[in-house]
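>>> mind looking at a prediction? Sequence and model below.
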Amino acid sequence: MTSPFISVGELADALSGSTPPAVLDASFVLHPAKEDGDYRTDSGRPKWLEAHIPGSQHVDVSTQFSDPTATLHYTHPEPQAIADELARLGIRHDRAVVIYDSTGNLFAARLWYLLRWIGVPARVLDGGFAAWQTAGERTESGEGEVPEPVPGWQASAVRKAWVSKSELLERDPDDPRPLVCGLPAGSFTGADPTRYSRRGRIPGSVNVSSRDLFSKDGHVKTRVELILAYDAAGIDVAPRSSERAQGSSERAQGSDEEVLLYCGGGISAAANALTLAAIGTSAVRIYDGSLEEWSADQTLPLEVGEPTS
């Protein structure tokens, strides 16, 4: 299995090779809500202009890789729209892409998820730009040279990536597939202010905060730590021996079954998908509308407080 992460050393070597990857900086600032309904963002471009990996391009996921006609933030565009934007950035369909950010890995993960959806060989820089700087690698500032666009190329989805609100509404209470919220615990329980219409979580979901899957310096946690984090939520993503496969059915699911993910707007959930891929679980789908869509529908239930079971 190829890791969805690439180390600083691996990227530095690749950039000095004969076929260097395209490098995209997806930095974007999504501020914590100070009160309910507080939705504030800032572009990550100023950070990129200040310092970035040589040859990288800054991209704005909220505009360049989201559907401009959608009413929700960050709604995924069609595959061809993603391909057209990549071609405009000078990236062909078979060129390797490395994505990083300087704002906590979440938007790098979101772009990775979109690119993998259409089969682009993308990876995320472990530790982000901070790790690149800490390693003493060379950086640049300012605009730099803009790559020439390449001819457009045809794209289509290569895997199932999305779960809809209607599908979740029709989901059987006994469905063994876990529904995982990637938001911090305070958002999951409703203790903290929300950016959206109402506080709470989708009933029946469990919490694995995507931010807790990375260390303070931005590196992804070890494989064992990731497995234990999901295990604590009742989600078995460890490889299953034949003996375990025949054993107890108390677990929420096995590593060969699908995991459904959501968060506030499909961003934190992408970091869950990224970490699940790192431990070998690729059968995941994201509810793209997430709580922004769900909470806006006053007829839909939300749970608050600590889970009772």
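In hand now; what should we look at? Small disclaimer: the values here were computed from a predicted structure and weren't measured.
>>> and Glu137, how close does it get to Val59?
According to C-beta to C-beta, to the nearest Å, Glu137 and Val59 sit 21 Å apart. For the C-beta atoms, the positions are set from N, CA and C on the backbone; glycine is no exception.
>>> got it, and Gly104?
16 Å.
>>> do Ser210 as well
Distance of Ser210 to Val59, given as C-beta to C-beta: 20 Å.
>>> between these two, who's got more neighbours?
Ser210 (27 against 24; other C-beta atoms under 10 Å).
>>> ok, for that one, nearest residue in space, not its chain neighbours?
Ala271 (3.7 Å; C-beta to C-beta, 6 or more residues apart in numbering).
>>> and the one you found, what element?
According to DSSP states H and E, Ala271 maps onto helix 268-278.
>>> can you list contacts of that helix?
3-5, 105-106, 109-110, 112-113, 124, 180, 182-183, 208-211, 213-214, 220-221, 223, 226, 230, 237, 259, 261-263, 282, 284, 286-287, 290 (C-beta atoms under 8 Å, 6 or more residues apart in numbering).
>>> low-confidence ranges, the stretch 151-300 of the chain, go.
By pLDDT under 70, the low-scoring segments of the stretch 151-300 of the chain are 239-256.
>>> ranges for the helices of it?
Under the criterion DSSP state H, counting those that start in this stretch, the stretch 151-300 of the chain carries helices at the ranges 165-169, 185-189, 223-232, 242-245, 268-278, 290-296.
>>> just the stretch 1-150 of the chain next, same as before
With DSSP H, counting those that start in this stretch as the criterion, the stretch 1-150 of the chain has helices spanning 8-15, 45-50, 61-64, 79-88, 106-117, 128-134.
>>> what's the shortest one packed up against?
Right, helix 61-64. helix 106-117 (3 or more C-beta pairs under 8 Å, 6 or more residues apart in numbering; DSSP states H and E).
>>> quick check: mean pLDDT of the helix it packs on?
Average pLDDT, helix 106-117: 98.
>>> next, the angle from that helix to helix 79-88.
Per axes from the mean of the first three to the mean of the last three C-alpha atoms, to 10 degrees, the angle that helix 106-117 makes with helix 79-88 is 110 degrees.
>>> return the distance of helix 106-117 from the chain's centre.
Averaging C-alpha positions (C-alpha atoms, centre = their mean, to the nearest Å) puts helix 106-117 5 Å from its chain's average.
>>> ok, stretch 5-19 next?
Remark: stretch 5-19 is offset 22 Å from the chain centroid, using C-alpha atoms, centre = their mean.
>>> and the gap between the spatially most central residue of the chain and Leu86?
The centroid of the chain falls nearest to Ala270 when counting by C-alpha atoms, centre = their mean (2.0 Å). Separation of Ala270 from Leu86 (C-beta to C-beta) stands at 17 Å.
>>> and Val29, by the same measure?
24 Å.
>>> neighbour-wise, which of those two wins?
For Val29 versus Leu86, neighbours defined as other C-beta under 10 Å are more numerous around Leu86 (28 against 16).
>>> residue contacts, that one?
93, 97, 115, 120.
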